[in-house]
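[1] Need a 3D model of the sequence below.
(one chain, ligands or ions: 1)
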Amino acid sequence: MSRSLSASARRVQDTLRELGYHYEVTETEHPTRTAADAARFVGCTVGQIAKSLIFKGVESGRGVLVITSGANRVDESIVSAELGEPIAKADAEFVREQTGYAIGGVPPVGHRRPLLVLIDRDLLQYDAIWAAAGTPNALFRLDPRDLAPMTGGRVVTVTVETRRHGDTETRSGGDRETGRHGDTETVDDSDRT
Ligand code: 5CA
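    Residues are numbered from 1 along each chain as shown. Take a look at the predicted model:
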């Protein structure tokens, strides 16, 4: 599998190794461009897919990577507050210039420029998650607890306060199983943003 990785996926695999992780990048035959595609391919819930969303500080031009659960929608005002300035959504060119990867393949690590990295707290409820690995066909499975040390990112609550009333409390209480129940309702968000 890993022998035939494309150049971008290979770069992510090498970065993971350099950082001391034994995670294995897999390339899929069909693109897994969206969280829903990826979930279907690996057979996990959409919530277990780590989406990489890039934003741009309007004043500084600084890039922000928000790694969020595929089931969630990011509250941009939270991202803006974390960065300390207004933000805008990144266009395809900015994504490539900052990360070195194209949209749909932006990995959590190995970016061209240093990005402010924010990690969705919701990802930590899972035993395992999947993240893009350099191309829309590349993924790797990881323990979400490795995300913060791996990226130097901050774990924050980045999601829009949703329809799931009272869920925030129960979520931090270690109920990993129940955490996935809400996923089906929020699948539509995966293609959005
Ligand atoms: N390979 C999948 C699953 S890991 C993946 O990378 N999903 S993703 O969500 O991390 O990347 C797709 C994201 O790219 C979308 O959620 C969206 O935020 C962003 N995106 C898609 N099209 C554009 C666009 N035209 N401009 C800027 N960002 C875009």
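[2] The ligand contacts on the chain?
    With CB under 6 Å from any ligand atom as the criterion, the chain meets the ligand at residues 32-35, 38, 49, 51-53, 89-92, 103-106, 131-132, 136, 193. Any C-beta I mention is one placed from the backbone N, CA and C, and that applies to glycine too.
[3] can we see that at 8 Å?
    Residues of the chain lying close to the ligand by CB under 8 Å from any ligand atom are 31-35, 37-38, 49-54, 70, 89-92, 95, 103-106, 130-132, 136, 138-139, 190-193.
[4] List the strands paired with whichever strand in the chain runs longest, with their directions.
    Longest strand of the chain, by residue count under DSSP state E: strand 49-57. Strand 49-57 has the following strand partners under DSSP bridges: strand 63-69 (antiparallel), strand 87-89 (antiparallel), strand 129-132 (parallel).
[5] Not counting whichever helix in the chain runs longest itself, show me its contacts.
    Criterion DSSP state H: the longest helix present in the chain is helix 7-18. For helix 7-18, the external contacting residues (CB atoms under 8 Å, 6 or more residues apart in numbering) are 2, 5, 22-25, 27, 100-101, 105, 107, 109-110, 133-135, 137-138, 140.
[6] Point out the ones among these that are inside strands.
    25, 27, 138, 140.
[7] Give me the nearest residue to the third one, chain neighbours excluded.
    Put plainly, it is Ala138. Nearest non-adjacent residue to Ala138, counting by CB to CB, 6 or more residues apart in numbering: Ala9, 3.8 Å away.
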